[in-house]
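Novice: What follows is a predicted structure for the sequence shown.
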Amino acid sequence: MDEKKTSLYDVHVRYGGKMVPFAGYLLPVQYEGYGVIQEHMAVRRDCGLFDVSHMGEILCEGEGALDNLNYLLTNDFTNMRDGQARYSPMCNENGGVVDDLIVYKVRDNHYFIVVNAANKDKDFAWMLEHQRGGAKFRDISDNVGQIALLGPKARGILGRIAGEEVIPEKYYSCIFEGEAAGIRCVISRTGYTGEDGFELYMAAGDAPALWEALMEAGREEGLIPCGLGARDTLRLEAAMPLYGHEMDDTISPLETGLSFAVKMKKNFIGRDALEKQGTPSRKRVGLKVTGRGIIREQAGVYAEGGKIGVATSGTHAPYLGYPVAMALLQAEEAVPGRLVEAEVRGRRVEAEIVELPFYKR
């Protein structure tokens with residue numbers, strides 16, 4: 001399959017991006033002259049700029065929009081304000097996760113949904129297959145560009161090219177009629193790194209101009225372009241679950257620690273299965289590597305000789321300075337402070353079970 005290019009492809013090449021295929025697109029994994037660790041540290045200390053135009057955007061509109069969302073998704077969207085964002089898993093009938101996503105309320109009967117890139121087509125098909133009357137779902141992904149400006153200096157940088165009135169004050173809120181550097185955009189105070197910052201949505205063709213305006217505004221603040229590599233190390237350090245790793249069609253949102261976004265008092269697809277499963281038998285935990293080596297996904301985790309689970313993601317955490325992993329363990333075995341071992345290329349690497357997140361701003 002030929003990979004698609006985002007509207008920022010030529011910009012990445014000009015900035016020295018090392019382009020790789022990811023979720024059907026060619027995207028930068030890192031940039032010449034920086035690299036994953038420097039990009040990661042820029043986001044923790046100053047600010048980084050990411051192209052996330054590969055993400056999917058779907059509209060849900062009509063008098064039955066709220067009813068559809070509440071049936072499709074585990075969270076409850078009833079009491080949302082205009083401009084508010086809410087995170088939710090979307091379950092299958094067995095209680096496994098189809099995807100996790102963010103819903104924005106534009107106004108009554110009108111919602112803007114952001115889904116994971118690799119699941120965009122699957123999610124849209126699932127929504128159409130399970131839609132109820134009175135609402136229409138529209139996939140607008142191809143027309144939308146998305147840029148993420150993340151890090152402690154993000155607000156100051158954005159303030160140089162956008163008026164105060166279009167910069168959302170609260171986390172998980174957004175301004176739909178925003179403008180930055182004269183470009184119309186949706187400005188959302190969200191992100192996937194554990195830092196404060198903004199995700200900006202604009203017409204795909206406007207993304208290069210907005211990217212350059214942000215780079216210029218952040219030049220003196222240490223803003224640098226960041227790739228997929230740093231995006232993954234940042235989210236892992238902040239213990240943010242990733243679809244296909246910490247959750248999938250066979251892992252329930254309760255097992256992966258997302259009970260805050262599962263409202264069992266309402267009816268949704270998968271609710272009966274979750275109720276039947278009762279208290280989750282598996283639990284997502286952190287592993288702090290105390291031995292030598294990096295624990296990668298799918299590594300078996302052992303205690304007292306027996307296998308107690310499997311690692312779901314692992315890497316060296318640049319800011320913390322040591323390797324970490326997330327793992328799905330048998331709930332009764334998942335005791336913080338306990339020493340375990342993970343199987344890495346035929347040898348055992350020692351680690352300690354720790355509370356999540358590893359890093360908190």
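Specialist: Thanks, I have the structure now. Residues are numbered from 1 along each chain as shown.

Novice: Would you map the helices across the protein?
Specialist: Taking DSSP state H, the helices of the chain run over residues 9-14, 36-45, 65-72, 120-129, 154-158, 207-217, 228-237, 271-277.

Novice: and among those helices, the most buried is which?
Specialist: Ranked by mean neighbour count, those are led by helix 228-237 with a mean of 24 (mean count of other C-beta atoms under 10 Å). The C-beta positions use only the backbone N, C-alpha and C, and glycine is treated the same way.

Novice: which residues touch that one?
Specialist: With C-beta atoms under 8 Å, 6 or more residues apart in numbering as the contact definition, helix 228-237 has outside contacts at 20, 22, 27-30, 35-36, 39-40, 43-44, 48, 50, 150, 192-195, 242, 313-320, 324, 326, 357-359.

Novice: what's the pLDDT at the spatially closest residue to Ile187 that is not a sequence neighbour?
Specialist: Closest residue in space to Ile187, ignoring its immediate chain neighbours: Gly178 at 3.9 Å, by C-beta to C-beta, 6 or more residues apart in numbering. If you check Gly178, the pLDDT there is 98.

Novice: In the sheet, which residues pair with Gly178? Tell me.
Specialist: For Gly178, the beta-bridge partners under DSSP bridges are Cys185.

Novice: Show the contacting residues for it.
Specialist: Ala162, Val166, Arg184, Cys185, Val186, Ile187, Leu200 are the contacts of Gly178 under C-beta under 8 Å, 6+ apart.

Novice: Any of the contacts of helix 228-237 buried? List them.
Specialist: 22, 27-30, 36, 39-40, 43-44, 48, 50, 150, 192-195, 242, 313-319, 324, 326, 357-359 (16 or more other C-beta atoms under 10 Å).

Novice: Now stretch 81-97: buried residues?
Specialist: Gly83, Gln84, Ala85, Arg86, Ser88, Pro89, Met90, Cys91, Asn92, Gly95, Gly96, Val97.

Novice: Just the ones in strands from these, please.
Specialist: In strands, defined here by DSSP state E, the members of the buried residues of stretch 81-97 are Ala85, Arg86, Ser88, Pro89, Met90, Cys91, Val97.

Novice: and the second one, how far is that from Ala42?
Specialist: What it means is Arg86. Distance of Arg86 to Ala42, given as C-beta to C-beta, to the nearest Å: 29 Å.

Novice: Then Tyr243?
Specialist: Distance of Tyr243 to Ala42, computed by C-beta to C-beta: 26 Å.

Novice: With Lys265 instead?
Specialist: To Ala42, Lys265 is 43 Å away according to C-beta to C-beta.

Novice: any idea where the strands of the stretch 101-250 of the chain begin and end?
Specialist: Remark: strands assigned in the stretch 101-250 of the chain by DSSP state E, counting those that start in this stretch are 110-115, 136-139, 144-150, 174-180, 183-188, 197-203, 224-225.

Novice: Which stretches in the stretch 251-361 of the chain count as strands?
Specialist: In the stretch 251-361 of the chain, the strands defined using DSSP E, counting those that start in this stretch lie at 282-289, 300-303, 306-317, 322-330, 339-344, 347-354.

Novice: now for those, which one comes closest to Ala213?
Specialist: Closest to Ala213 of the strands of the stretch 251-361 of the chain, according to C-beta to C-beta: strand 306-317, at 32.0 Å.

Novice: Please consider this matter closed, and thank you.
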